[in-house]
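1. need a 3D model of the following:
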Amino acid sequence: MLTEIPRLTDHKAAGPGWFRTVNSEGKPLKPTIMCKCGHLSGISLHHVHADGTVTASFYHGEAQKFTHNGKEYDQGAPGCGWHVFLKLLDWNDGEFPPVP
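-> Predicted coordinates:
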């Protein structure tokens, strides 16, 4: 089951949701996700499909560090444990494959 999250434009808004991200030339990049707890998270290891579906699942891990494909990542403070399959509502910035 997909959890649909809206596009946010105000960083003071309550999560969950997503923010559009662009580079210095205005070219779209992968979005930033605001977790239901309010934490902002990049999703470089995820695939954002053209229809706004995000794979694999989004997990705001309860551990400070995690390992993916043999590489250790430090997410700072432990997360809230929110684990869902996401669909970005109003997504129209194309497809972005995972970047290890």
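2. how far does the helix or strand of the chain with the lowest mean pLDDT sit from its chain's centre?
-> One helix or strand of the chain scores below all others by mean pLDDT, DSSP states H and E: strand 65-68, with a mean of 76. Averaging C-alpha positions (Cα atoms, centre = their mean, to the nearest Å) puts strand 65-68 16 Å from its chain's average.
3. let the chain start at 46 from now.
-> Yes, from this point I'll number from 46; that puts the last item at strand 110-113.
4. given it, what are its sheet partners and their directions?
-> strand 116-119 (antiparallel) (DSSP bridges).
5. list the buried ones in the first helix or strand past the strand it pairs with going along the chain?
-> Moving toward the C-terminus from strand 116-119, the next helix or strand (DSSP states H and E) is strand 128-133. Using 16 or more other Cβ atoms under 10 Å as the test for burial, strand 128-133 gives 129, 131-133. Every C-beta, even on glycine, is put in place using the N, C-alpha and C of the backbone.
6. rounded mean pLDDT for strand 128-133, please.
-> For strand 128-133, the per-residue pLDDT values average out at 98.
7. so Gly87 bridges to which residues?
-> Per DSSP bridges, the residues bridged to Gly87 are Thr77.
8. burial of it, as a residue count?
-> Look at Gly87: counted by other Cβ atoms under 10 Å, it has 14 neighbours.
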